[in-house]
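Enquirer: Whatever this is, show me its structure:
(one chain, ligands or ions: 1)
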Amino acid sequence: MTCPICAWSPDNPVYILLHETDTWRVVLAPNQRLVGRCILHLKRHCGDLADLTADEVLDWLAVVKTMENALRTAFDATLFNVSCYMNHAYRENPPNPHIHWWLVPRYNHEVELQGWGFEDPEFGNPYRHDCQLEVPQSLHEEIGARIRLAIETARARQGT
Ligand SMILES: [Zn+2]
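Expert: The predicted structure follows:
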């Protein structure tokens, strides 16, 4: 059974690589209804949070810090909804889950990019999973580039 997360490759034009550590990688999500929405992939195939190692948990925290900072810098994100579901994997029999976290920035203001206005009409409530927006490739790439630039800028400031 193939696992789409294990099959990910760096030339993927949609799930653009934003950041990685020894144990996690962060990619841009196809749905940019909430601009900057991204996904944290565990780099090894493992389907249960209880099976994470202590190192992976600590590294996860560092990744969340890096990404929250970057999304604040890039788009002035107000807060973040962080969640791990893996529900879709259980539509298959047998299921083949691979740990991934959704990091979804939330906004109390509009963000404008390339003439597009990104709003968060459900701000203050859970976001709606059925609100989808796939932006043109050039805009998708610009969103990724802005996030990567914010990460690099923070790294340069810290001298790491
Ligand atoms: Zn996998």
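Enquirer: wait, what's in contact with R37?
Expert: R37 sits next to L28, A29, N31, W102, L103, V104, P105 when contact means CB atoms under 8 Å, 6 or more residues apart in numbering. For every residue, glycine as well, the C-beta is placed using N, CA and C.
Enquirer: Type out the ChimeraX command that picks the buried ones from those.
Expert: The following ChimeraX line selects those of the contacts of R37 that are buried, judged by 16 or more other CB atoms under 10 Å:
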select :28,29,102,103,104,105
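Enquirer: Take the contacts of R37 and write them to a markdown table, including secondary structure.
Expert: Compiled in a markdown table, the contacts of R37 are given as follows (DSSP: H, G, I helix; E, B strand; the rest coil):
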| residue | secondary structure |
| --- | --- |
| L28 | strand |
| A29 | coil |
| N31 | coil |
| W102 | strand |
| L103 | strand |
| V104 | strand |
| P105 | strand |
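Enquirer: so which strand or helix has H140?
Expert: helix 137-158 (DSSP states H and E).
Enquirer: buried ones in that helix?
Expert: So helix 137-158, judged by 16+ other CB under 10 Å, has buried residues L139, H140, I143, G144, R146, I147, R148, A150, I151, A154.
Enquirer: Pick the one among those residues closest to the ion.
Expert: G144 (22.3 Å; CB to the ion).
Enquirer: Tally up the residues packed near the closest residue in space to the closest one that isn't next to it in sequence, please.
Expert: Distances taken as CB to CB, 6 or more residues apart in numbering place I16 nearest to G144, at 4.0 Å, with adjacent residues excluded. Neighbour count of I16, defined by other CB atoms under 10 Å: 21.
Enquirer: No further queries at this time; thank you.
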